[in-house]
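Novice: no sequence for this one, just the structure:
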C-alpha cells in the first residue's frame, strides 16, 4: 500500500503535477500493466499497420475535441463516415495540414499546450527526433490532453524492431490486425515500451457495435 | 419642411474625361455605348452638344455629319464612382444628401444654409466651386425634390423658389419638367399644352382622365401636395486609424508599440458601438515606397487588444522594416456585433472551454491560413469521396447532420486512389495477389462486392470508367484495405481507395 502511494508520487513528480490522471482502456489486464491506464498529459506512440484502428479506439474512449495534424502532401485522410462507424464525432474533429514539418510541430505545441483538445494525433512521415518528442512532452504536461504520435506504415508485423527505440514517449505500441469481420476485429497489441511497467503483448478483440475491448489471450514478454 | 437643392451635371461623363486629360476640353467628342451591333452615343461633351449631337444618336450618323469627331467608350461604373465622389464632396454642406437616378444630386439644406451665408450665396458657391473642379452644374432650390429637379433641368440656373412663388414661377416651365411619362408628355404637347401654366388651368378630373393617375401624382409632387420619399445616403464611418512618422520606425518593437496604440484607438471607437473586429488589416508603408500588408480574421468578434495583437504578431516574424516605416494604417475591414453571454453557474466551465477552443482555432487559422485548418461537413452524395467536404474550421459552425452509411466504410480514405498491379486482371473477382508499395500482397477477401454507380448526370473524370465494385480485403501484413475494380473492356483494373476498417 505504502509502496503504491510512493510510486504514484514519483510518477506525479515526473509529470510535474500533483495528481496523475489516466485514461483506462477498460481492460483490467492492460490497465494493470499501465498502472491504471494511459497517462493524460503525455505523449504516446502508436505504430504498426493497424495503428489507425487502435488510435481510433483510444480517441473514442477519450472523447472531446480531436485534432489531427499531418503534413499536407499525405494522400491519406480521415473519412468522416468511417469515423462515425467507429464511434467518432466528425463535428468534433479538426484537421490541421500545415505545409512543413516545422509548422506541424509549431501547431502541435500550440494545440497540446492549450489544454482544449481531447486528443491530438500527430502524423509525420519521418520519425520525430528525441528533442522534438521531449518538447512535445513538455508542452502537453499539466494538461488533460492525450498526445498521440503515429506514422503511416505498410511494412507489416516486424517493422518495429528495425526502428530506433529512442523516444521519450511514455508508451509505445505496435498494432497488427489478425482477423477482421464486420462485427469485430482481432488485433495483436504489442506494448513495446512502457514507462509504468514491463512491455507486454495481448491479443484483443474490438467490438464494432459497442467499441469495447475484449481480451482474447495474454502473452507476456 | 424641406429645402432641396438639385444639382444636375449635364456633361458629367465627358467632364470626367476632360479632368483626366485637359487637352480634350477644346475638342468636341462623344462617348459611345455598344449594344448588339449598334453603336450609339450615350453622352456628349459640351462642345459636341453645341454642334447638335445628342445622346441616343447612332455613331454612324454622327460620323456622317462630322467625319473627324472623336469618340470614346463610355464607362458607366466610373461615372457612378465619380458621382459618388461628388456626393461625398457635397456632404460637407449638409448631412442629408442623396444620389437618385441620372446625374443628379439632391441636398436637403433646411437649417444648414445660414452656415454658408444664406441660400443664394450657397447656390453661388456650390456652382463656382464645382466649376473650379471642372464640372458644369445646373442648380435649383425648391421646397421639394420634384420641383427642384424640374427647375434644375428646365428652369433658370440657380433659381431659388420658395413655397408661395412656386405656382407663378412654374407657369412658364416646359411641361417636361413635371417628369410625367413619355406618352403623357407627348400627348400634352400635341394638345398644345407646352407650358405647365396651360396644365394648371384645366380641371383636375378631366386631366386625370387623360393622363392617368400616375402622372397626376407627378403634378402633385411638383407642387408639394404629395410627399415623395428620398433615400438620403447613409453616412458610413470609416473605421480606419493611421499614424505617420517624421522619423521612420526602424525596429520591429517600434512597429508593435504603434500597433498597440492604433488598436487601442480603434477599439475605443468600436466599443460604444457594441461592435468587434471580424477582419482587420494593417498596412505598413516603408520609407522606400514598399507597402507591407497583413490581415487577420477572427471567429468571434473581439475588441480585446491582446488577442488582436497576438494574431498580428504571428505575421511579424517575417517582418522586414527595411529603411523604416513611414506610416501605419489599421483598418477594420469587417465588424460584427459583440456577443456577450451571461455565464451560467453550471456551464461556465464548458463555456470557457468553448471559448478557448475557438480562440485556439482562430490562432491556428491565422498562423497557417484558413485552408490548412479544417473541419468536416456532410455532403449529399452516395459517392464515397463526395459524401463530405472540408470547410475552414474557422467559420461559425452550421448544424451538421451526418447520415450513418449503410455499409462499412474505411477509417481512412486515399485522396487519390492508388492503382495496383495485378497478375491476371481478367475477371471481376478480387485478385489474389496485388503489387502495392512495391511489395507483393496476398489478398484475402473479407467482404464484398459492393457496387457503387457513378452519377450519370455528372461528367466526373474519376468515375468515367463506370461502376465500381468495392471489396474489403486483408493483406498478409495485417492491413485491411478497401479496394475496388473497374472494368475496362475485358480487363479489370484495381485500385486501393481506403485503409483500416
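Specialist: Happy to help now that I have it. Note that the structure is predicted; figures quoted are calculated from it, not measured.
Novice: for the rest of this, base every contact and every neighbour count on C-alpha atoms.
Specialist: Noted.
Novice: do you know the pLDDT at the closest residue to residue A:37 other than its chain neighbours?
Specialist: Using Cα to Cα, 6 or more residues apart in numbering or on different chains and skipping the chain neighbours, the partner closest in space to residue A:37 is residue A:24 (4.1 Å). pLDDT recorded at residue A:24 is 88.
Novice: return the residues in contact with residue A:24.
Specialist: With contact set as Cα atoms under 8 Å, 6 or more residues apart in numbering or on different chains, residue A:24 has these partners: A:31, A:36-38.
Novice: cool, residue B:360 as well?
Specialist: Taking Cα under 8 Å, 6+ apart as the contact definition, residue B:360 lies against A:110-111, A:114.
Novice: hey, which helix is longest across chain B?
Specialist: Residue-count comparison of every helix in chain B, with assignments taken from DSSP state H, identifies helix B:348-368 as the longest.
Novice: can you list the buried residues in that one?
Specialist: Neighbour counts using 16 or more other Cα atoms under 10 Å in any protein chain shown place B:356-368 of helix B:348-368 among the buried residues.
Novice: do the same with stretch B:198-209
Specialist: So stretch B:198-209, judged by 16+ other Cα under 10 Å, has buried residues B:199, B:207.
Novice: related to what we said a few turns ago, residue A:35 versus the residue nearest to residue A:37, what's the distance?
Specialist: Distance, residue A:24 to residue A:35, by Cα to Cα, to the nearest Å: 9 Å.
Novice: repeat that for residue B:289.
Specialist: Distance check for residue B:289 against residue A:35: by Cα to Cα, it reads 65 Å.
Novice: who has more neighbours out of these two?
Specialist: When residue B:289 and residue A:35 are compared on other Cα atoms under 10 Å in any protein chain shown, the one with more neighbours turns out to be residue A:35, at 19 against 11.
Novice: where does the prediction get shaky in chain A?
Specialist: Low-confidence segments of chain A, defined by pLDDT under 70: A:1, A:12, A:14-18, A:152-167, A:219-221.
Novice: at 80 what do you get?
Specialist: Counting by pLDDT under 80, chain A contains low-confidence residues at A:1-2, A:4-5, A:7-20, A:72-74, A:125-127, A:151-168, A:180-183, A:217-221.
Novice: please enumerate the strands of the stretch 101-250 of chain B.
Specialist: Counting by DSSP state E, counting those that start in this stretch, the stretch 101-250 of chain B has these strands, from start to end: B:104-108, B:138-142, B:159-160, B:240-249.
Novice: out of those, which gets nearest to chain A?
Specialist: With distances scored as Cα to the nearest Cα, the stretch of those nearest to chain A is strand B:240-249 (29.6 Å).
Novice: from the chain's centroid, how far away is the next helix-or-strand element following that closest one?
Specialist: Per DSSP states H and E, strand B:240-249 leads on to helix B:252-270 as the next helix or strand towards the C-terminus. The offset between the C-alpha centroid of helix B:252-270 and the centroid of the whole chain comes to 28 Å, using Cα atoms, centre = their mean, to the nearest Å.
Novice: quick check: angle from helix B:252-270 to strand B:240-249?
Specialist: Using axes from the mean of the first three to the mean of the last three Cα atoms, to 10 degrees, the interaxial angle of helix B:252-270 with respect to strand B:240-249 works out to 160 degrees.
Novice: mind listing what's buried along helix B:252-270?
Specialist: For helix B:252-270, burial by neighbour count (16+ other Cα under 10 Å) applies to B:252, B:255, B:258-259, B:262-264, B:266-267, B:269-270.
Novice: what of stretch A:106-114?
Specialist: A:107-114.
Novice: that stretch near chain B at all?
Specialist: Yes - contact of stretch A:106-114 with chain B is found when judged by Cα under 8 Å from any Cα of the partner chain, involving A:107, A:110-111, A:114.
Novice: okay, and which of those map to strands?
Specialist: Restricting those to those inside strands, with DSSP state E as the criterion, leaves an empty set.
Novice: how about the residues of the stretch 351-500 of chain B by chain A?
Specialist: So far as Cα under 8 Å from any Cα goes, the stretch 351-500 of chain B lies against chain A at B:353, B:356-357, B:360, B:364, B:368, B:372-377, B:388, B:393, B:400, B:402, B:404-405, B:408-416, B:437, B:446-447, B:474, B:477-480, B:500.
Novice: which of the residues you listed fall in helices?
Specialist: Among these, the residues falling in helices (DSSP H) are B:353, B:356-357, B:360, B:364, B:368.
Novice: nearest spatial neighbour of residue B:220, skipping sequence neighbours?
Specialist: For residue B:220, ignoring the flanking residues on the chain, the nearest one in space by Cα to Cα, 6+ apart is residue B:226 at 5.4 Å.
Novice: I'd say the one you found and residue B:216 touch.
Specialist: No - with contacts defined as Cα atoms under 8 Å, residue B:226 does not count as touching residue B:216, sitting 10.2 Å away.
Novice: on that earlier part again, okay if I get the strands of the stretch 101-250 of chain B as TSV plus distance to chain A and mean pLDDT?
Specialist: Formatted as TSV, the strands of the stretch 101-250 of chain B follow (distance: least, Cα to the nearest Cα, whole Å; pLDDT from 0 to 100):
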stretch	distance to chain A	mean pLDDT
strand B:104-108	53	92
strand B:138-142	61	92
strand B:159-160	67	85
strand B:240-249	30	88
